[in-house]
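*Asks:* sequence plus the predicted model coming up.
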Amino acid sequence: MGYWWEGIAAERYWCEVTDKVKLGNELHSPQRNEVGGRYWSYDLMQAVKPGDVVFHYSKQQRAIVGASIAGALEERSINWRARGTSGRANTSPPKGPRDGWYIPLSDYVAAVLPLKLKSLQDPKEIAWLHAWVAENGKGNSLAIPFTRYSAKEIRPSQGYLFKMPAEFVAHYAPLAGMAKALPQGTAASNVQATQGADRAAVVLTDVEWFTAIRAGDIRGPISFWTPTDWKIKALVPGARVYFFLKAPVRKIGGFATFERYELVTVDQAWARYGRANGVESAAELRERTSAYAERRSESFHATTAANIGCLVLEDPVLFDDDAFIDPAEHGAAIERTVVKMKYLEPDLLRAATSLPLATTEPFAPIPATAKAYRLARQATRVGQAPFRKRVLAAYGQRCCVTGTDCEEILEAAHIQPYLGPASNHVQNGIALRVDLHRLFDAGLVGITPDLRVEVSPQLKDLKYRELHGRAITLPKEKAACPCIPALELRRASIFRR
């Protein structure tokens, strides 16, 4: 899900609405609602980053009474009963533990001057909140902690966790005071959260898992799993994780970016990541985790409830076989006694694995023969995840033809077909909805040198023919706009007239 605050560094504030007496220790919520469905307020737990500020609204005191600093997201079961009217009416005990989200909190400060709900009932404050919502709420789910109940009343929103906009913190003096009272305005916490950013990890990697991930057309994060708990403590989000392929290869096959660690059941891992677990089915994942664990643990029992540890990784870059790297040649030898992971601090492999994917030089079509194109289609494409991320960011996470903003069906299309890492230039890419990408590759849809959609006469479907002549939406940055010579080359050699 895309949130309105994503990519805005200043938007690092949240608000817990709770009836707990003791505040500032933790955020803890179920992952799903009572009927097993997703609930937006619980989903927000996954958006909180280490170092973010969490304000605490006390239902008893009807005020925001303190603030804390967030740690890293974990998974912990929880006994939970619905709050609000239905929760108060239900006097039966909770049905038992449920899968939960857990975030440790630290550095709690109590407000010298709480932000009382009563103070928000001032007509000027009601008018200010109404104006803010009217300006920012168009097409957005704001997820803010206060609701304008009537023309004369503000109430807390229904839910557990909410986004506290940075403008609210600046507007309401008590909130600004609490944020300032945190260690150096949370600067210390942000420094703490980024300590170890130059620490990387080398993980021993099963060749079969690596091959499946490299061959698959994976969207979103990948799951690097082990049948036992990793007990990850020394990695921070953004750190590099290198894939050291097991014997007989014993070389670095690629890397990815560490996002978070999860301890989940096999079925949960399949439900969340599917083929991004490096397997084709839930049954295969269950079989492989059981096989690994039974070889290593006498106490392991193969059940769907058995926990496995998952490193959730983003933006994988996986090398061709002939591009594998021997870490020993770069001062990072991996001893044969290492059986799971080795930390590197500093990251001695970063320079050796940097790819020439981003450049300030304009793109020019790469001279190539028909044979070169055929060979490139057969080879593993290096650097596709960073290329996609950069192209979609340039186009504002929207299809340049239709404006579609559903990330799951957006792809980065090469204008000049892929020939190697040099093809992954932002000017050689356009953001397209998946069906248009397929038609673009087939030569049935094209982009003219004057940046308009061209539909082949061979494509008869009216819903596509209606796109003919439409001007595409261009990136805001001129340096990211499509390469015109590449468009001309494609129109001359691939488009079907």
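*Replies:* In hand now; what should we look at?
*Asks:* can you name the next helix or strand after the lowest-mean-pLDDT helix or strand in the chain?
*Replies:* The least trusted helix or strand in the chain, going by mean pLDDT, DSSP states H and E, turns out to be helix 187-194, with a mean of 39. Downstream of helix 187-194, the first helix or strand assigned by DSSP states H and E is strand 200-205.
*Asks:* residues contacting that following strand, please?
*Replies:* Taking contacts as CB atoms under 8 Å, 6 or more residues apart in numbering, the residues outside strand 200-205 that touch it are 224, 234-235, 239-246, 252-253, 258, 311, 327, 332, 334, 338-345, 347, 349-350. In this view, the C-beta of every residue, glycine as well, is placed from N, C-alpha and C.
*Asks:* quick check: mean pLDDT of it?
*Replies:* The average of the pLDDT scores along strand 200-205 is 92.
*Asks:* next SSE downstream of it?
*Replies:* For strand 200-205, the following helix or strand on the C-terminal side (DSSP H and E) is helix 207-215.
*Asks:* helices or strands up against that next one?
*Replies:* In this structure, helix 207-215 makes packing contacts with strand 240-245, strand 252-265, strand 307-318, judged by 3 or more CB pairs under 8 Å, 6 or more residues apart in numbering; DSSP states H and E.
*Asks:* any of the contacts of strand 200-205 buried? List them.
*Replies:* Taking 16 or more other CB atoms under 10 Å as the criterion, what is buried in the contacts of strand 200-205 is 224, 235, 239-245, 252-253, 258, 311, 327, 332, 334, 341-342, 344, 347, 349.
*Asks:* I'd guessed Asp206 sits against Lys246; true?
*Replies:* Yes. Counting by CB atoms under 8 Å, Asp206 touches Lys246, with 6.2 Å between them.
*Asks:* JSON lines please, covering the helices and strands packed on helix 207-215 and showing mean pLDDT and distance to Lys476.
*Replies:* Shown next, in JSON lines, are these (pLDDT from 0 to 100; distance: least, CB to CB, whole Å):
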{"stretch": "strand 240-245", "mean pLDDT": "94", "distance to Lys476": "30"}
{"stretch": "strand 252-265", "mean pLDDT": "89", "distance to Lys476": "25"}
{"stretch": "strand 307-318", "mean pLDDT": "87", "distance to Lys476": "22"}
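*Asks:* Pro386: what secondary structure?
*Replies:* Here Pro386 is recorded as helix under DSSP: H, G, I helix; E, B strand; the rest coil.
*Asks:* quick check: the gap between it and Leu311.
*Replies:* 19 Å (CB to CB, to the nearest Å).
*Asks:* also Ala328?
*Replies:* From Ala328 across to Leu311, the span is 24 Å (CB to CB).
*Asks:* try Tyr464
*Replies:* 41 Å.
*Asks:* now do Leu161
*Replies:* For Leu161, the distance to Leu311 equals 25 Å [CB to CB].
*Asks:* please work out which residues outside the helix or strand containing Ala131 touch it.
*Replies:* Assigned by DSSP H and E, Ala131 falls within helix 123-136. Under the criterion CB under 8 Å, 6+ apart, residues 4, 119-120, 142, 144, 146, 148, 151-154, 165, 167-168, 171 lie in contact with helix 123-136.
*Asks:* equivalent analysis for stretch 458-472, please.
*Replies:* If you take CB under 8 Å, 6+ apart as the criterion, stretch 458-472 is touched by 400-402, 430, 439, 444-445, 447, 451-455, 496.
*Asks:* can you select the buried ones from the residues you listed in PyMOL?
*Replies:* The PyMOL command for the buried members of those (criterion: 16+ other CB under 10 Å) is given here:
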select buried, resi 400+401+402+430+439+444+445+447+451+453+454+455
